[in-house]
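Undergrad: Generate a structure from the sequence data that follows.
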Amino acid sequence: MTAVLKTGLVLAAACAMLTVSACADRGAHVKAPTKAVPISDLHSVAGKWDGLMKRRPRTRGDDYVMLTIGPDGNYEFVSTRVVGVFGGTGTLQLVDGKMRSEGERGHATYTLYDRDGEQILMVEGLDTTNDYEYRAELKRAR
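TA: Down below sits the predicted model:
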């Protein structure tokens, strides 16, 4: 065997081992599967939720959002941004196991998920001009 061929085989084997090692390591950090849970009544999601909201296209960093849902479906949200605080209120409607809100600035859909026993409220919204999409992963505030 020539020296060039031996070197090529050694490099190929090293690359294969690194690839297998990287794949095995990545699997250890993958979150558990998330399962959608139909929302049967507004009382079941009442309370305080918080998390990060991302905006597309990204024109700034993520916003921290606090959402308070009342048992009657009335809600209040506060978003902390670099330029200040933004907030609003409204009423959630229950539609096909999800919640929905509409306002003068846009609309949003709220889907409840279970991730290893922890409730996750995913919020996906669109502004009225269809210029910006919003997505937030909220957890029950502690």
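
Undergrad: Show me where the protein has its helices.
TA: Secondary structure of the chain (DSSP state H): helices at 3-27.

Undergrad: Poorly predicted segments of it, please.
TA: 1-33, 59 (pLDDT under 70).

Undergrad: how about a cut-off of 80?
TA: Along the chain, segments meeting pLDDT under 80 span 1-33, 57-61, 81-84.

Undergrad: So which residues of it form strands?
TA: 35-37, 47-56, 63-69, 74-81, 84-91, 93-95, 98-103, 106-115, 118-127, 133-140 (DSSP state E).

Undergrad: now, of these, which is deepest in the fold?
TA: strand 63-69 (a mean of 19; mean count of other Cβ atoms under 10 Å). No exception for glycine: its C-beta is placed from N, CA and C like everyone else's.

Undergrad: how far is that one from where the chain is centred?
TA: Remark: strand 63-69 is offset 13 Å from the chain centroid, using Cα atoms, centre = their mean, to the nearest Å.

Undergrad: now swap in stretch 86-103 and tell me
TA: 17 Å.

Undergrad: And that stretch, end to end?
TA: For stretch 86-103, the first-to-last residue distance is 14 Å (Cα to Cα, to the nearest Å).

Undergrad: ok, now stretch 58-66?
TA: 20 Å.
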